[in-house]
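**Q** compute the structure for the input listed below.
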Amino acid sequence: MCILFFQLNDKGECGTYRLVLANNRDEYWARPTSTAAYWGENDNCLSSLDQEPGREGGTWMGINKQGKIGVLLNILGENLPNRKGRGFLARDFIASNTSAETFLQNLSADVVTSEYNGFHLVLLEAGGQHPSAMYLTESSEHQRRGPQRLSLGDSHAFGNSTVDKPWQKVEQGQPRFQKIIEENRSPESKNKLVDSLLDFLNDKQQYTTDSVLGGTCRELGYSTVIKDEISANRVWSPSIKCGTRTNTVILVDSDGRCDYIERSLVTPVDENDPHTTTETFSFNIDTTST
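**A** Below is the predicted model:
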C-alpha cells in the first residue's frame with residue numbers, strides 16, 4: 001500500500017514552490033530494496049531500486065534532473081501471479097526522453113490489462129516553462145479511460161484504490177496536505193515544511209470506519225486488525241510483516257532548486273525498536289526551457 005500527495009504549479013501559486021510532493025511506500029519488510037542513489041555511472045536519474053529477484057531495477061518513485069517524476073501505486077486486491085513488474089513503468093519514464101503524455105498514450109495503447117496487476121502511474125514534468133501532471137489507471141475494477149491530465153495549482157492525492165473510491169486517509173489527507181503547504185510558504189520555513197510533511201506521512205491515526213477499505217479487506221480475507229493497521233498513513237502491521245518502508249518528500253522552488261528527501265526504515269526491521277536513515281539530494285532543474 002502507498003499514498004501520494006502533490007501540488008504542481010506553472011508559476012508561483014504555491015508560494016515559493018513549483019512542486020511539493022509527499023509519498024509513502026508500504027511494502028513487506030523482507031523485500032530487498034536499495035536506498036536512494038543516482039543510478040550507477042548515470043547521475044541523471046535518482047531513486048531507490050527494487051532488488052526482489054525478477055523485479056530488480058524497478059521503482060515506485062523516481063526523478064531525473066530534467067524534473068521528470070514517475071510514481072507507481074498498486075491497487076489493493078489485484079495480485080495475481082505471473083504478471084509483469086509494474087515498477088519498470090516508473091523507471092522507464094524517468095530514463096526516457098519521452099513526454100508524460102506520449103509515454104502514457106503509448107502505454108495505454110500497448111498494455112493488455114491482464115499483463116499487469118492493477119496500478120496508478122502518475123507522471124509529473126516539473127521542469128521547463130510548461131509543467132504537466134498526468135496519470136493512467138489500469139484495473140479490472142475500473143473502466144478504462146486512458147491517460148488523464150491533472151490540473152496545475154491544485155493538490156492531488158492517490159492511494160491503493162481506484163480514484164472514484166478513495167480510502168479515507170487519501171480523501172481526508174488531501175486537505176491536511178494542502179494546509180501544511182499554506183502554513184509553510186516562505187523560504188525560511190523550508191525545514192519546517194519538510195518536517196511537517198514527514199510527520200504527516202508518519203501519522204498513526206487509523207481510519208477504522210473506512211467502508212471502502214473495509215469492503216476490500218473482507219474480500220481479501222484480512223482481519224479487522226490488519227484493516228485498521230493499513231488504514232493509517234503510516235502502515236505498521238507486524239502480523240503480516242509489512243508497513244511503511246519509505247517516506248519521500250520532493251520540493252522544487254520557483255528557481256528550479258530541487259530537494260529530494262528520503263527516509264527509509266532500516267532492515268532487518270526491529271519491531272520493538274525500529275530505526276530509520278535519511279538521504280537528502282539537491283540539484284537544479286531547468287525551469288526556463290520550452
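**Q** now residue 33: how far from residue 246?
**A** Separation of residue 33 from residue 246 (Cβ to Cβ, to the nearest Å): 8 Å. C-beta coordinates here come from the backbone N, C-alpha and C atoms, glycine included.
**Q** who touches both of these two?
**A** Counting by Cβ atoms under 8 Å, 6 or more residues apart in numbering, the shared contacts of residue 33 and residue 246 are 27, 48.
**Q** in terms of neighbours, single out the busier of the two.
**A** A direct count of neighbours by other Cβ atoms under 10 Å for residue 33 and residue 246 places residue 246 higher, at 22 against 19.
**Q** Three-state assignment for the more buried one, please.
**A** strand (DSSP: H, G, I helix; E, B strand; the rest coil).
**Q** give me the beta-bridge partners of it?
**A** residue 25, residue 264 (DSSP bridges).
**Q** next one, pLDDT for it please.
**A** What the model reports for residue 246 is a pLDDT of 97.
**Q** my read: it touches residue 264, true?
**A** Yes. With contact defined as Cβ atoms under 8 Å, residue 246 counts as touching residue 264 (5.0 Å).
**Q** shared neighbours, those two?
**A** Taking Cβ under 8 Å, 6+ apart as the contact rule, residue 246 and residue 264 both touch residue 48.
**Q** residue 190 against residue 251, yeah?
**A** Yes. Assessed by Cβ under 8 Å, residue 190 is found in contact with residue 251 at 7.0 Å.
**Q** neighbour-wise, which of those two wins?
**A** residue 251 (22 against 15).
**Q** did I read that right, that one in a helix?
**A** No. Using three-state DSSP, the assignment for residue 251 is strand, not a helix.
**Q** any residues touching whatever helix or strand residue 102 lives in, and which ones?
**A** Element membership of residue 102 [criterion: DSSP states H and E] is helix 100-110. Helix 100-110 is contacted from outside by 68, 89, 92-93, 96, 98, 121, 123-125, 132-136, 144, 146-147, 149, using Cβ under 8 Å, 6+ apart.
**Q** so which of those sit within helices?
**A** 89, 92-93 (DSSP state H).
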